[in-house]
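Undergrad: Turn this into a model:
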Amino acid sequence: MWRSSHWSLVCCLTLEWLALGLWVGGMAVLIGAVIPAVFNTFGGQDSGGLLLTRTFEGYQRFVIGAVAVLCASSWYRWWSGDQTVAVGRGEFLVLMSMVAMAGVIILVLHPQAVGLQAEAFAAQGEPAKKAAFEALFRVLMPIRILYGVTMVLGVVLMGIKTKRSLTLGGAPV
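TA: Next comes the predicted model:
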């Protein structure tokens, strides 16, 4: 019985690290490699912007999966009652902040940005196009900020988990 419980917790923690790696690593790759490559290759706002929109939609699907894994495994660790893998208050607050910000991006801001992007691409005339792109960029700014903050919080969560694993007995931090 103990061995089964032990291995289920090992599996749970492994999945959490994988989910965090996808969340943080995916954003780092998008910021550091994909975005510069898209705009340096395609050269235009229309084609490059459309490709990035689709790329971020794919990334968001990974984030949704990561949220599901992180929340389910945190619940399982809490439910297990094992103090060596207990969910600390700091870990819980960081995770809930990440989930809330991802929810705002995915459910509110991104759909709004997609609509504004379509309007900007369809706008006729320089003044209308300029106004449409300004509206789009006003929505993209908080999205960029929230993505950056969730990436930093993901790194913080990794630090909390690492510190707990290095603490004698694994007591929650």
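Undergrad: Which SSE is immediately downstream of the helix or strand of the chain with the lowest mean pLDDT?
TA: Counting by mean pLDDT, DSSP states H and E, the chain has its least confident helix or strand at helix 35-42, which shows a mean of 78. For helix 35-42, the succeeding helix or strand toward the C-terminus, using DSSP states H and E, is helix 45-80.
Undergrad: For that next one, the averaged confidence score.
TA: Helix 45-80 shows a mean pLDDT of 91.
Undergrad: Provide the contact partners of the helix or strand just after that helix at residue level.
TA: Next in sequence after helix 45-80, counting helices and strands by DSSP H and E, comes helix 89-104. Applying C-beta atoms under 8 Å, 6 or more residues apart in numbering, the contact partners of helix 89-104 are 23, 60, 63-64, 67, 70-71, 74, 146, 149-150, 153-154, 156-157, 160-161, 164, 172-173. Any C-beta I mention is one placed from the backbone N, CA and C, and that applies to glycine too.
Undergrad: swap the cut-off to 10 Å and go again
TA: 16, 20, 23, 60, 63-64, 66-68, 70-71, 74, 77-78, 87-88, 109-110, 142-143, 145-147, 149-161, 163-164, 172-173 (C-beta atoms under 10 Å, 6 or more residues apart in numbering).
Undergrad: between that helix and helix 45-80, how many degrees?
TA: 140 degrees (axes from the mean of the first three to the mean of the last three C-alpha atoms, to 10 degrees).
Undergrad: Could I get the buried residue list for helix 89-104?
TA: Residues of helix 89-104 classed as buried by neighbour count (16 or more other C-beta atoms under 10 Å): 90-91, 94-95, 98-99, 101-102.
Undergrad: coming back round to it: next, the buried residues of the least confident helix or strand of the chain.
TA: Neighbour counts over helix 35-42 (16+ other C-beta under 10 Å) mark 38-39 as buried.
Undergrad: That helix - contacts with which helices or strands?
TA: Contacts defined by 3 or more C-beta pairs under 10 Å, 6 or more residues apart in numbering; DSSP states H and E place helix 35-42 against helix 45-80.
Undergrad: Can I get stretch 155-167 in CSV? Just the C-alpha atoms.
TA: Once non-C-alpha atoms are left out, stretch 155-167 reads as follows in CSV (Å, rounded to 0.1, in the frame of the first residue of the first chain):
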residue,chain,number,x,y,z
VAL,A,155,10.0,30.4,-12.1
VAL,A,156,9.1,31.5,-8.5
LEU,A,157,6.9,28.3,-8.2
MET,A,158,9.9,26.2,-9.4
GLY,A,159,12.0,27.9,-6.7
ILE,A,160,9.4,27.1,-4.0
LYS,A,161,9.3,23.5,-5.1
THR,A,162,13.1,23.3,-5.3
LYS,A,163,13.5,24.8,-1.8
ARG,A,164,11.0,22.4,-0.4
SER,A,165,12.8,19.4,-1.9
LEU,A,166,16.1,20.6,-0.4
THR,A,167,14.5,21.2,3.0
